[in-house]
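**Q** Sequence plus predicted model, see below.
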Amino acid sequence: MRKIILSVILITILVLTFVSNFILSDNPIPAEAVKFDTGDTAWMIVATAFVLLMTPGLGFFYGGMVGKKNVISTMLQSFMAMVIVTILWVVVAFGLAFGPTIGGIIGDPTSNLFFQGVGTSTAWSLAPTIPFMLFALFQAKFAIITPALITGAFAERVRFWAYLLFMVLFILFIYSPLAHMTWHPDGIFFKMGVLDFAGGTVVHMSAGWAALAGAMFLGKRKIQKVNPARITYVLLGTGLLWFGWFGFNAGSALGSNGLAVQALGTTTVAAAAAAMAWVFLDKILGHKLSALGACIGAVVGLVAITPAAGFVSIPHGIFIGAFAAIVSNLVVSKFPKGKIDDALDVFACHGVGGMVGMLLTGVFASKAINPVVGDNQGLIFGTPTLFINQLIALVIVSIFAFVGSYILFFVVNKITPLRVTEEKEELGLDISQHGEYL
């Protein structure tokens, strides 16, 4: 049955793309061509490449943490996100995220099927200095890494084909609505005044809550405590993530400008402060200063600063990174691992880090940093409206992402089993799912 379904998908894509010039309208070319800013365009091309590099970086980050029998499968889960989500984004998901609004919740994909109307001669309304297609491709990289982040929670026990199906459904029914609500001018969160510079709700909170749902649905691994296969992979992955995150956050300024520099600065200091706070706290609690701890801390800082990067000052960026690391470290140490097997602490790091970042955006956002903030500045400036809006969005996104993801796991499991058998889990996913090994 699976062979038939895969054959139908391949044939459909080949046929539709072959005859696309007959069934899709041409990209509109305005009578007077839009004059784009070459500096903005050059930077956004580079930023797009930076963000894509984060996903293989995540593969190394996660792959180094799992046991030796599951390194290839774990890394391949990230790599296949680049493959599947890229095609899905072009075919339909971009329209769902950024197409004409349907009730402020989801976009109408019909105007952007196969990137119809997404050309190089027009621009997105909030990014007028770069081609529309460049904006769409930049956003594709955010969609790619989000389901890859989830994989750390159910590492070492998920069937690969079931994961691919879940990834498709997650992009269509969780990620795309959140992107539309948060970043589309007609989205309900956007209209509320919720601030999410580069993906605190859309990427990290959605991935964190989906990870918790996945860990709960799939149950515990047969053997939970395993020695990390390659700490050097984790260090390499952290470096690639930190490097790529400059495109993630500074690129979200959508231009080569002072705001991009501000986001780059806050990203730099938040990651450094978080890594420092994590290892300091480890020592305070009686643990050794570990490479794994330093790496996890840095990533938590990157997660937490993501929603705030273009809205807060450098000192507040340091606070956000350090505070998020302390909170996530404590959550990791107190998380009920005997009951819920979030293998790589995705919820404690990405979910909690994203929530801390969202709330602290509501505390520290300043119109002196970004005029978009307006008079509804952060709580520290004496105005509570933004903080309340951030809190409301946090609650809504948490419920939506957790409940929606749990339902998707349930549906996928009805179609094809999500979890491997005990024998295949013991053998390792590298051999049982892919016929390969280190």
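**A** Yep, that arrived. Numbering: from 1, shown residues only.

**Q** okay, CA-based contacts and neighbour counts for the rest of this
**A** Noted.

**Q** Quick check: residue 46 touching residue 247?
**A** Yes. With contacts counted by Cα atoms under 8 Å, residue 46 reaches residue 247, the gap being 7.5 Å.

**Q** Of the two, give the one with the bigger neighbour count.
**A** In this view residue 46 and residue 247 are compared by other Cα atoms under 10 Å, and residue 247 has more residues nearby, 27 against 13.

**Q** Once you drop chain neighbours, what's closest to the more buried one?
**A** residue 47 (4.1 Å; Cα to Cα, 6 or more residues apart in numbering).

**Q** which element is that neighbour on?
**A** For residue 47, the element it lies in under DSSP states H and E is helix 38-63.

**Q** just checking, what packs against that helix?
**A** helix 71-88, helix 132-150, helix 231-250 (3 or more Cα pairs under 8 Å, 6 or more residues apart in numbering; DSSP states H and E).

**Q** and residue 345, which of those is closest to it?
**A** Taking Cα to Cα as the criterion, helix 132-150 is the member of these that comes nearest to residue 345, at 10.0 Å.

**Q** Not counting the closest one itself, show me its contacts.
**A** With contact meaning Cα atoms under 8 Å, 6 or more residues apart in numbering, helix 132-150 is reached by 41, 44-45, 47-48, 51-52, 54-55, 58, 77-78, 81-82, 85-86, 89, 94, 118-124, 127, 167, 170-171, 175, 203-204, 206-208, 210-211, 248, 254, 346.

**Q** Would you mind writing the CA trace of the least confident helix or strand in the chain by mean pLDDT as PDB?
**A** Scoring the helices and strands of the chain by mean pLDDT, DSSP states H and E places helix 20-23 at the bottom, with a mean of 79. Coordinates of the C-alpha atoms in helix 20-23 are reproduced here as PDB (Å, rounded to 0.1, in the frame of the first residue of the first chain):
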ATOM      1  CA  SER A  20       2.200  23.900 -14.800                       C
ATOM      2  CA  ASN A  21       2.300  26.500 -17.600                       C
ATOM      3  CA  PHE A  22      -1.200  25.300 -18.800                       C
ATOM      4  CA  ILE A  23      -2.900  25.100 -15.400                       C
END
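
**Q** Can you give the distance from it to the centre of its chain?
**A** Between the mean C-alpha point of helix 20-23 and the mean C-alpha point of its chain there is a distance of 33 Å (Cα atoms, centre = their mean, to the nearest Å).

**Q** Give me the helices and strands touching that helix, please.
**A** Counting contacts by 3+ Cα pairs under 8 Å, 6+ apart, there are no secondary-structure elements packed against helix 20-23.

**Q** Now with 10 Å, please.
**A** The criterion is 3 or more Cα pairs under 10 Å, 6 or more residues apart in numbering; DSSP states H and E, and the helices and strands that helix 20-23 contacts are helix 2-18.

**Q** could you say what helices and strands the helix it packs on packs with?
**A** Partner elements for helix 2-18 (3+ Cα pairs under 10 Å, 6+ apart): helix 20-23.

**Q** List the contacts of the helix it packs on.
**A** Around helix 20-23, the neighbours that count as contacts under Cα atoms under 10 Å, 6 or more residues apart in numbering are 14, 16-17, 26, 114, 116.

**Q** which one of the residues you listed is nearest residue 236?
**A** For those, the minimum distance to residue 236 (Cα to Cα) is 35.2 Å, reached by residue 114.

**Q** And the pLDDT at that closest one?
**A** Per-residue pLDDT puts residue 114 at 93.

**Q** Return the distance of the longest helix seen in the chain from the chain's centre.
**A** Ranked by residue count and defined by DSSP state H, the top helix of the chain is helix 385-415. For helix 385-415, the distance from its own C-alpha centre to the chain's C-alpha centre is 14 Å (Cα atoms, centre = their mean).

**Q** With stretch 198-206 instead?
**A** Centroid separation between stretch 198-206 and its chain, computed with Cα atoms, centre = their mean, is 6 Å.

**Q** related to what we said a few turns ago, compare the contacts of helix 20-23 and tell me which is most surrounded.
**A** Ranking the contacts of helix 20-23 using other Cα under 10 Å puts residue 114 first, with 22 neighbours.

**Q** Spatially nearest residue to that one (excluding sequence neighbours)?
**A** Spatial nearest neighbour of residue 114, chain neighbours left out: residue 91 (4.1 Å); criterion: Cα to Cα, 6+ apart.

**Q** shouldn't that neighbour be in contact with residue 116?
**A** Yes. Using Cα atoms under 10 Å, residue 91 is in contact with residue 116, at 9.1 Å.

**Q** any residues in contact with both of the two?
**A** With contacts defined as Cα under 10 Å, 6+ apart, the residues adjacent to both residue 91 and residue 116 are 109-110.
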